[in-house]
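Asks: model this:
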Amino acid sequence: METLNRTVTEFILLGFSMGHQEEILLAVLFLAMYITSLAGNILIFCIVLGNTQLHTPMYFFLSNFSILDIMFTSVISPQLLWNLFSGDKSISFSACMAQLYFYFLLGTVEFFFLTSMSYDRYAAICKPLHYHTIMSSEVCAKIGLACWLCGFLSVLCPIIQISRLSFCKSNSINHFFCDSGPLLELSCSNIRFIELMDFMLSSVVIVGSAILTLISYSCIISTILLIPTTSSRKKAFDTCATHLTLISISCGISIFTYVTPSQKETLNAHKVPAILTTTVCPFLNPFLFTLKNESVRDALRKTVRKTRDIIIECFLTTRKGNTVVLGESH
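Replies: Numbering: from 1, shown residues only. From the prediction side, this is the model:
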């Protein structure tokens with residue numbers, strides 16, 4: 001990509017306006033959150049993969065969401081941690097464009113998966129007798145593939161256009177990662193078409209996901225209210241509440257950040273919601289939206305007991321073998 005842009009070879013990520021000692025403390029906090037996020041999401045994926053009782057559409061989407069969280073936070077966090085710990089704020093042009101592409105690719109795919117999860121909940125609650133036909137393994141695989149393909153195609157064109165711009169105003173990005181708004185601010189090319197394209201694509205993905213989710217949940221809530229027993233209604237609401245909370249937070253932050261015709265006036269205000277989406281949410285998601293699920297907790301307890309039994313058995317076998325060897329030596 002550097003051959004397409006001869007005006008700059010690297011950018012400087014200004015990040016946060018604070019001293020180096022404060023940045024070190026912030027880096028330690030982000031590092032702890034990043035490691036916890038990786039561990040939590042890897043644990044969820046392994047639990048779902050290793051437990052046949054969780055091989056259902058709902059947990060198929062949750063495990064995919066865990067993988068997306070791992071990849072999404074890994075696009076931003078390593079570079080951010082390096083910048084904060086070392087004080088070196090530079091990032092090459094190619095690395096910046098790659099970070100920009102994968103940030104929007106994975107973010108877009110997450111929205112598509114969240115929308116698919118709302119359809120899965122609609123089928124489970126509103127069409128229970130036909131659920132396994134509607135959400136068969138083949139259908140789930142096709143939905144997953146479509147989410148990735150649509151994300152790839154929708155993000156590719158804007159990123160190619162941005163990579164071809166001339167950045168002659170400055171090479172200092174007023175952000176802690178390569179986001180589209182701060183990058184476009186540095187360009188001396190005509191960016192109106194790219195801004196319009198970004199606005200239209202963001203509106204279709206984010207607002208479209210929110211509308212489809214609202215339609216699904218309108219049907220879901222109407223069906224739940226018809227359930228005769230209070231305990232069954234509560235169980236159905238609990239199943240859907242976490243997903244609805246997650247997509248509400250994601251849509252709210254993304255609409256504020258990206259679904260605006262021009263972002264020039266609010267660029268400084270974008271750092272806090274960006275921290276929430278890139279660091280805090282991937283850290284909280286495993287605990288708030290998956291590990292609180294009773295089925296996942298049961299599977300986790302079984303896995304822990306099984307692992308404990310294997311360790312004890314290996315220890316006893318090793319100890320018995322050592323005893324036999326010592327006895328023979330005497």
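Asks: C-alpha only now, for contacts and for neighbours.
Replies: Will do.
Asks: Could you check which helix or strand contains Tyr131?
Replies: helix 131-134 (DSSP states H and E).
Asks: So which elements touch the helix or strand following that helix?
Replies: Using DSSP H and E, the helix or strand that follows helix 131-134 in sequence is helix 137-163. Here helix 137-163 touches helix 57-86, helix 93-126, helix 192-202, going by 3 or more Cα pairs under 8 Å, 6 or more residues apart in numbering; DSSP states H and E.
Asks: quick one: which of these is nearest Ile311?
Replies: helix 57-86 (26.7 Å; Cα to Cα).
Asks: That closest one: which residues count as buried?
Replies: 57-77, 79-81, 83-85 (16 or more other Cα atoms under 10 Å).
Asks: thinking again about what came up before, reformat the helices and strands packed on helix 137-163 as TSV; add distance to Ala32.
Replies: As requested, the helices and strands packed on helix 137-163 are arranged in TSV below (distance: least, Cα to Cα, whole Å):
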stretch	distance to Ala32
helix 57-86	11
helix 93-126	21
helix 192-202	31
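Asks: Nearest to Glu294 among those helices would be which one?
Replies: Nearest of the helices and strands packed on helix 137-163 to Glu294, taken as Cα to Cα: helix 57-86 at 12.4 Å.
Asks: what's the burial count for Thr229?
Replies: Applying other Cα atoms under 10 Å, we find 10 residues neighbouring Thr229.
Asks: scratch that, Phe283
Replies: 26.
Asks: What of the one 4 residues further on?
Replies: The criterion is other Cα under 10 Å. On that basis, Phe287 has 15 neighbouring residues.
Asks: just Ile275 next, same as before
Replies: Around Ile275 there are 15 other residues, counting by other Cα under 10 Å.
Asks: So the chain: which segments form each domain?
Replies: What automatic domain parsing lists as the domains of the chain is 2-292, 299-330.
Asks: which of the ones you listed sits most buried?
Replies: Comparing those by mean neighbour count (mean count of other Cα atoms under 10 Å), domain 2-292 ranks first with a mean of 17.
Asks: between the one helix or strand Leu43 maps to and helix 57-86, how big is the angle?
Replies: Leu43 is part of helix 20-50, with elements assigned from DSSP H and E. In terms of direction (axes from the mean of the first three to the mean of the last three Cα atoms, to 10 degrees), helix 20-50 departs from helix 57-86 by 160 degrees.
Asks: what's helix 20-50 packed up against?
Replies: Contact here means 3+ Cα pairs under 8 Å, 6+ apart; on that basis helix 20-50 packs against helix 57-86, helix 281-285, helix 294-329.
Asks: next one: the shortest one to chain centre, how far?
Replies: In terms of Cα atoms, centre = their mean, to the nearest Å, the gap separating the centre of helix 281-285 from the centre of its chain is 8 Å.
Asks: name the helices or strands packed onto that helix?
Replies: With contacts defined as 3+ Cα pairs under 8 Å, 6+ apart, helix 281-285 has these neighbours: helix 20-50, helix 57-86.
Asks: May I see these arranged in CSV, with mean pLDDT as well?
Replies: Shown next, in CSV, are the helices and strands packed on helix 281-285 (pLDDT from 0 to 100):
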stretch, mean pLDDT
helix 20-50, 89
helix 57-86, 90
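Asks: nearest spatial neighbour of the residue most central in space within the chain, skipping sequence neighbours?
Replies: The residue lying closest to the centre of the chain (Cα atoms, centre = their mean) is Asp69, at 3.2 Å. Closest residue in space to Asp69, ignoring its immediate chain neighbours: Pro282 at 5.4 Å, by Cα to Cα, 6 or more residues apart in numbering.
Asks: isn't that neighbour right next to Ala39, touching?
Replies: No - using Cα atoms under 8 Å, Pro282 makes no contact with Ala39, being 10.9 Å away.
Asks: list residues touching both of the two?
Replies: With contacts defined as Cα atoms under 8 Å, 6 or more residues apart in numbering, no residue is shared by Pro282 and Ala39.
Asks: count of neighbours near Asp298?
Replies: Here the count is done by other Cα under 10 Å, and Asp298 has 12 residues near it.
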